[in-house]
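Asker: here's my sequence, what's the structure:
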Amino acid sequence: MLRILDKTFAVLLALGAVGHTLGSFKAFHDQPAVLLWALCASVLIVFIGAINLLRASRRGDRPLAGIAAFGALSWLVASLAFGMIIENVLDFRVLVFALLSAGLFVFSLRDALSKPNA
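Answerer: Okay, the predicted model is just below:
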């Protein structure tokens with residue numbers, strides 16, 4: 001059951017990149033430099049989701065789990081920082097990304113610290 005939740009979080013994070021991309025085009029269509037950075041964040045979100053989906057499917061791959069944990073923690077920090085910048089850490093966008101990232105971080109850290117398969 002936890003593996004299903006783990007994979008669901010990873011897929012939802014990656015799908016969140018679609019919303020991030022659409023919102024970025026809407027908000028920054030007239031600011032190409034800012035739009036580029038926002039789209040780079042969308043790529044990062046997909047990448048973190050994909051790495052976590054791979055990790056959830058590869059039990060015992062502790063180095064991959066460590067990389068996934070770092071990615072999820074990084075996006076968690078970025079999401080909360082965005083919330084502080086907009087002065088609303090309870091913003092829906094912040095909450096969704098923070099909750100998914102926190103969940104993936106916990107799952108990844110658990111896998112990274114698990115006993116190696118013999």
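Asker: ok, Val18 to Ser42 distance?
Answerer: According to C-beta to C-beta, to the nearest Å, Val18 and Ser42 sit 8 Å apart. The way it works is simple: take the backbone N, C-alpha and C, and place the C-beta from them, glycine included.
Asker: those two - which one has more neighbours?
Answerer: Ser42 (19 against 12; other C-beta atoms under 10 Å).
Asker: the more buried one reaches His20, doesn't it?
Answerer: Yes. Under the criterion of C-beta atoms under 8 Å, Ser42 makes contact with His20 at 4.8 Å.
Asker: tell me the SS of Asp111?
Answerer: Secondary structure state of Asp111, per DSSP: H, G, I helix; E, B strand; the rest coil, is helix.
Asker: neighbours of the closest residue to it other than its chain neighbours, just the number please.
Answerer: With sequence-adjacent residues excluded and distances taken as C-beta to C-beta, 6 or more residues apart in numbering, Asp111 is closest to Ala65, at 3.6 Å. Counted with other C-beta under 10 Å, the burial measure for Ala65 works out to 24 neighbours.
Asker: quick one: contacts of the one helix or strand Ala65 maps to?
Answerer: Ala65 is part of helix 62-85 when elements are defined by DSSP states H and E. Under the criterion C-beta atoms under 8 Å, 6 or more residues apart in numbering, residues 13, 41, 44-45, 47-48, 51-52, 54-55, 58, 89-91, 93-94, 97-98, 101-102, 104-105, 108-109, 111-112, 114, 116 lie in contact with helix 62-85.
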